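>>> The following block contains a protein sequence and its predicted model.
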Amino acid sequence: MSAVYPVTREMRQPAEWMRSPADDRILELMHDEGNMTPRALSRDGDIPRIDISRDYAGDRCRELAKYGLLERLDRGLYRLTDLGEAYLEGDLDVSELEEVDDTMVDE
C-alpha cells in the first residue's frame with residue numbers, strides 16, 4: 001500500500017516547520033496516487049492511508065501549500081507541485097523556501 005523511498009528519504013533535507021514523517025508521507029502519497037483531499041490521506045478516509053486525523057492532514061496540507069510543495073486546486077483538494085517532486089527526489093533543501101503568497105491557502 002505504501003511506497004518506499006529508501007535512498008532519497010535519507011538525502012532529503014526537511015525544514016524546521018515540517019512534521020516528518022507525516023509531511024513526507026503526504027507528499028509521497030500525492031506523488032503515487034495524484035490529487036488528494038485531507039480526508040483521503042487520513043485514517044478517516046475510505047482507505048486509511050496515514051494514521052493521522054483529517055484535521056491534522058488538512059493542517060499539514062495547508063502548511064505544505066504555504067511553502068509551495070503542494071498546490072491547492074479547490075477547497076480541500078491538493079496536488080503535488082514541481083517543488084514537491086524535487087524535495088521527494090532529494091534535489092531541494094526546503095529550509096530555503098519562503099512562504100508563498102497564495103490567497104487560497106488559508107480559505
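Noted; the coordinates are in hand.

>>> which residue ranges form the helices in the chain?
6-11, 22-33, 38-41, 54-66, 82-88 (DSSP state H).

>>> What is the burial count for the nearest residue to residue 99 once chain neighbours are set aside?
Spatial nearest neighbour of residue 99, chain neighbours left out: residue 66 (5.2 Å); criterion: C-beta to C-beta, 6 or more residues apart in numbering. C-beta: built from backbone N, CA, C; applies to glycine. Neighbours of residue 66 under the rule other C-beta atoms under 10 Å: 19.

>>> Can you tell me the number of residues neighbouring residue 51?
By other C-beta under 10 Å, the residues close to residue 51 number 9.

>>> pLDDT score for it?
Per-residue pLDDT puts residue 51 at 91.

>>> List the residues that contact it.
Contact analysis of residue 51 by C-beta atoms under 8 Å, 6 or more residues apart in numbering lists residue 43.

>>> Which one of the helices of the chain lies nearest to residue 97?
Nearest to residue 97, of all those, is helix 82-88, at 7.3 Å by C-beta to C-beta.

>>> Determine how far the closest one lies from the middle of the whole chain.
From the chain centre to the centre of helix 82-88 is a distance of 10 Å (C-alpha atoms, centre = their mean, to the nearest Å).

>>> same check, this time on stretch 51-68
Averaging C-alpha positions (C-alpha atoms, centre = their mean) puts stretch 51-68 7 Å from its chain's average.

>>> Could you do stretch 66-73 as well?
Mean-position distance between stretch 66-73 and its chain equals 8 Å (C-alpha atoms, centre = their mean).

>>> Could you tell me the end-to-end distance of it?
Start-to-end span of stretch 66-73 (C-alpha to C-alpha, to the nearest Å) is 13 Å.
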